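Asks: Here is my input; please provide its structure:
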Amino acid sequence: MKIIIASTRFAPASRRAFTLVELLVAIGVISFLVVGIGQVFQSVGGLVSIGTASAEVEQMARSIERQMRDDFRSLSAMDSADTFIAIRMRELGDVNRNGVCDNCGAPDGETAVYLTSDDRDADNRDIADGVIDGPYDKTSRAVTVRLDEIMFLGQPILGNYTSFESGRNARPPAQAPAALISYGQSLRPPRDPNWPPDNPNQNSPRIPQRIFIPDGDFGVRQGDDNRFQKDLTSLYPNSSDFDKATGRNEYAGSWILSRQALLLAGGAAAGNDLSPFGVTTFGNEREYAPFIRDITTIDRFWSTAGGGLGALGFGLDHQGPRSGRYDARSVNRIVPPAPRLIQHGRVDICAQNITDVKRWLQGEPWPSSGVTPPPLRLQKSSPFDAGRFDSVASFDAYENDMNGIDLNDFGDLASTAPTDPGSVRSQLWQRPDPSVNNPDQLYYATRTGIRSAIAGVFTRLIAEDEPPYIDRNRNTTGINYPINNFQDPSDTEDAYMDSHAVLTSQCSNFEVAWRLADPDWPKAEEDLDIDGDGSFEYRTGDRIWFDITPQDPNATSQNTVDRSRSTVQNWLSNLIIPSARQKLGDISFGALPANPGALPDGAANHQPELGYQDWHNVVSASYGFRLRDTVPNTPSGTNMGVPANVGYPSIYNPDISMGAPKGQKEYLAIWPFHAPTLNGGYESDAFPKKLQIRIRMTLHDTQHRIKGGKKFEFIFDVSPGG
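Replies: This next block holds a predicted model:
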């Protein structure tokens, strides 16, 4: 039998690979999906990031708005006759709107302002590549910003204001029923250039020294001149160490916005009136500002140290037993509290109360026609109500104990001549003699005096938003401090004060505008076409605000921009638009004397505005638009009834008060306690202050994720006295 075995063979299956085209298609699809998914994640991440940044900025804005609302309520709680309101405006950048940084960086030129270093670097690349010609050209990232300030006297609805200054031995914080409230951007000081020491040893400083001048003006680049070093050379020992800025105030996106409540605590804050070793109400370890005006403190405490005040010129040196602290080298000695400048940012207690401030700022009345005023120490406009500097009989034995120096009392040191500001108790300024002036000269001289006195209260704080260095070992024996500074080292209490007024460290723009709330003015009575292009900038009924915002969008030169700024003078002089005065409706500011008499007609001469000027270069004595850098004390002469060079120095000084430098302009509006009369006095009724205040600010998140920042606007109604 034949067996046949059949075998079946299978051909191997065909193994076919992906073609190149298929691979490319697959890679493309996968890449597309990856890119798409990545973009989705990036978009979501960006939204989350922007949302986080927006939440950060909005929370910051809400906090600031709440604080402002509380402060404006405290203003409205005041009797209108017991408070003033003052606004100072300044613009930085392309001020004339011509698309060029004119005379860029020069002391009297424009400043190229950038939000961040990335913006400046990008502009520099575009300039190098020929994309733009310079800052403010075409697509430049340079910005034009506002640096406004507002201040007023306020009292809280409930309770008192509380100081940030800490005491010793669990002493309760200082409190006062009234305060000077101020808002504005602050400047950072330079860092200690000698820190850390190159070759540290046992004699090296343990912490960096605090510097008491700003690190240049706003927008000033590293290596550029520090204008404050030059302005304050006579006030700061070794100020040449800081003649160049290091750039801490260069970028607008990281400018500090501050709010301070300077407690009006009264003269007792300056020391016990019976003994320099007596403990004051707030404690001798707390420092104080002698006056509400730094300009006066410099005149009477600093520049007179070793001079007009003799050994009482303990001044502002921040050194040794004169520091107002328990001295490190003699901890058992108690010394009187020490005076400080407000602008240094380390004091929020003032040795004047609200009654002192009002009486002093309004000037000393001429006693009677043709009678020479009595010695200043006997006049009732003395700055202090109590304490060390008040009584003629007060005796300061502090220096007696220190160096065996026999001193007479403050009364003997007080001046007997109206032109000598030598005494710390002297009046601020003398009102004119009604017997040698006609009514309009009396009115203008008095109004100029009170406006200038209030304007001199302005000052920018030096603030620090970085964590402080603390040295709790107060024994400085043998320590070598390279800088002849005011203080060595910083007390713990002082170091913490550096940031007490900081609201935020990211405010590039702060604007303040105003209008009348009662009557509701100004508002457009008809449609207004300011630049004549056929479109209306204002519709009938629109509110108009007074500030330095240019109204003509086509203005591209300094003259045309200045003529179109939204100031009272420009509106009522028909400079912004023909017949603007009629198109805004009739207005009375309520600030005219009861019987205007010989005063020129026109409400623009009698309203709160002081114009938009470079106060360094004012030549003409234009009625209503002049502040004084010297205080009038006699009415003779032809300059508004006041000689140009008679009076106390620096009643308003934009350099010392850190306002606009020479060549730049400021706008000021001031509502004093009362309107002047035609006899060199004041009306019994308060100067009307029923206003609306508009605050605009631009805030930034810490990482600058929101391009250009976020803008906020708040409007507050203020009505002191109800």
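Asks: switch to C-alpha atoms for all contacts and neighbour counts from now on
Replies: Fine.
Asks: pretty sure R447 belongs to a helix, no?
Replies: Yes: counting by DSSP: H, G, I helix; E, B strand; the rest coil, R447 is located in a helix.
Asks: check contacts around it.
Replies: By C-alpha atoms under 8 Å, 6 or more residues apart in numbering, the residues touching R447 are A675, P676.
Asks: 6 Å instead, please
Replies: Contacts for R447 (C-alpha atoms under 6 Å, 6 or more residues apart in numbering) come out as P676.
Asks: measure it to Q362 for me?
Replies: Remark: distance between R447 and Q362 (C-alpha to C-alpha, to the nearest Å) = 9 Å.
Asks: Same question for N272.
Replies: 27 Å.
Asks: With L23 instead?
Replies: 89 Å.
Asks: Please apply the same query to R431.
Replies: To Q362, R431 is 8 Å away according to C-alpha to C-alpha.
Asks: ditto for L691
Replies: Going from L691 to Q362 by C-alpha to C-alpha gives 22 Å.
Asks: just the strands in the stretch 351-500 of the chain please.
Replies: Using DSSP state E, counting those that start in this stretch, the stretch 351-500 of the chain contains no strands.
Asks: So for L691 and Q362, which sits in the more crowded spot?
Replies: The neighbour comparison of L691 against Q362 (other C-alpha atoms under 10 Å) goes to Q362, with 27 against 19.
Asks: That one touches T448, doesn't it?
Replies: No: distance between Q362 and T448: 10.5 Å, which falls outside the contact criterion (C-alpha atoms under 6 Å).
Asks: Identify the contacts common to those two.
Replies: Joint contacts of Q362 and T448 (C-alpha under 6 Å, 6+ apart) do not exist.
Asks: longest helix anywhere in the protein?
Replies: As assigned by DSSP state H, the longest helix anywhere in the chain is helix 20-76.
Asks: May I have the phi/psi pair for the residue nearest the centre of the chain?
Replies: Among the residues of the chain, the one closest to the centroid is R460, at 3.5 Å (C-alpha atoms, centre = their mean). Dihedral pair for R460: phi -90, psi 140, per degrees, to the nearest 10.
Asks: got it, and R346?
Replies: With angles defined as degrees, to the nearest 10, R346 sits at phi -120, psi 20.
Asks: Now do it against M89, distance only.
Replies: Taken as C-alpha to C-alpha, the span from R346 to M89 is 25 Å.
Asks: does R696 sit in a helix, a strand or a coil?
Replies: Following three-state DSSP, R696 is assigned to strand.
Asks: quick one, what contacts it?
Replies: By C-alpha under 6 Å, 6+ apart, the residues touching R696 are F510, E511, F712, E713.
Asks: And it, how far from I479?
Replies: Taking C-alpha to C-alpha, one finds R696 at 48 Å from I479.
Asks: What of P189?
Replies: Distance of P189 to I479, computed by C-alpha to C-alpha: 23 Å.
Asks: picking up where we left off before, mind checking what helix or strand follows the longest helix of the chain in sequence?
Replies: Sequence order places strand 85-92 as the next helix or strand after helix 20-76, per DSSP states H and E.
Asks: any residues touching the helix or strand following that next one, and which ones?
Replies: For strand 85-92, the succeeding helix or strand toward the C-terminus, using DSSP H and E, is helix 117-128. Residues outside helix 117-128 that contact it (C-alpha under 6 Å, 6+ apart): I132, D133, G134, R141.
Asks: What average pLDDT does the helix or strand that comes right after helix 117-128 get?
Replies: The element immediately downstream of helix 117-128 (helix or strand, assigned by DSSP H and E) is strand 145-146. Across strand 145-146, pLDDT averages out at 97.
Asks: Residues in contact with strand 145-146: which ones?
Replies: With C-alpha under 6 Å, 6+ apart as the criterion, strand 145-146 contacts R90, E91, L92, N509, F510, E511.
Asks: cool, stretch 174-182 as well?
Replies: 150-155, 160-163, 259-265, 282.
Asks: ok, 7 Å please
Replies: Contacting residues not belonging to stretch 174-182 are listed as 150-155, 160-163, 259-265, 282, 354 [C-alpha atoms under 7 Å, 6 or more residues apart in numbering].
Asks: again with stretch 255-267
Replies: 161, 163, 176, 178-186, 249, 348-354, 384-387, 390, 501-508.
Asks: returning to that earlier point: mind checking which of the contacts of stretch 174-182 are buried?
Replies: The neighbour count (16 or more other C-alpha atoms under 10 Å) marks 150-155, 161-163, 259-265, 282, 354 as buried among the contacts of stretch 174-182.
Asks: What about those, which are in helices?
Replies: Using DSSP H, the subset of these located in helices is I354.
Asks: coming back round to it: tell me what the longest helix of the chain is packed against?
Replies: strand 149-154, strand 710-718 (3 or more C-alpha pairs under 7 Å, 6 or more residues apart in numbering; DSSP states H and E).
Asks: one more time with 10 Å
Replies: Contact here means 3 or more C-alpha pairs under 10 Å, 6 or more residues apart in numbering; DSSP states H and E; on that basis helix 20-76 packs against strand 149-154, strand 179-186, strand 256-264, strand 502-504, strand 691-699, strand 710-718.
Asks: Name every strand pairing with the fifth one and say which way it goes.
Replies: Think strand 691-699. strand 507-516 (antiparallel), strand 710-718 (antiparallel) (DSSP bridges).
Asks: and the ones you listed as JSON lines, adding mean neighbour count and distance to A495?
Replies: Shown next, in JSON lines, are the strands paired with strand 691-699 (neighbours: other C-alpha atoms under 10 Å; distance: least, C-alpha to C-alpha, whole Å):
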{"stretch": "strand 507-516", "mean neighbour count": "24", "distance to A495": "23"}
{"stretch": "strand 710-718", "mean neighbour count": "16", "distance to A495": "32"}
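Asks: from the middle of its chain, how far away would stretch 158-174 be?
Replies: The chain centre lies 24 Å from the centre of stretch 158-174; the measure is C-alpha atoms, centre = their mean, to the nearest Å.
Asks: Buried ones in that stretch, by neighbour count?
Replies: Those would be Y161, T162, S163, F164, E165, S166, G167, P173, A174, for stretch 158-174 by 16+ other C-alpha under 10 Å.
Asks: Tabulate those residues (TSV), appending distance to P578 and pLDDT.
Replies: What follows is the buried residues of stretch 158-174, written out as TSV (distance: C-alpha to C-alpha, whole Å; pLDDT from 0 to 100):
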residue	distance to P578	pLDDT
Y161	49	95
T162	51	94
S163	51	94
F164	52	92
E165	54	86
S166	58	79
G167	61	68
P173	57	87
A174	55	90
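Asks: Burial check on D192, number of neighbours?
Replies: Using other C-alpha under 10 Å, D192 has 15 other residues around it.
Asks: any idea how far it lies from D94?
Replies: On the measure of C-alpha to C-alpha, D192 and D94 end up 33 Å apart.
Asks: Check Y114 too.
Replies: Taking C-alpha to C-alpha, one finds Y114 at 12 Å from D94.
Asks: same deal with I50?
Replies: Note on I50: its distance to D94, by C-alpha to C-alpha, is 29 Å.
Asks: can you check L584 too?
Replies: Distance, L584 to D94, by C-alpha to C-alpha: 29 Å.
Asks: out of those two, which sits in the more crowded spot?
Replies: Comparing L584 with D94 by neighbour count (other C-alpha under 10 Å), the higher total belongs to D94, at 25 against 21.
Asks: What score does the more buried one have for pLDDT?
Replies: pLDDT recorded at D94 is 95.
Asks: Alright, calling it a day.
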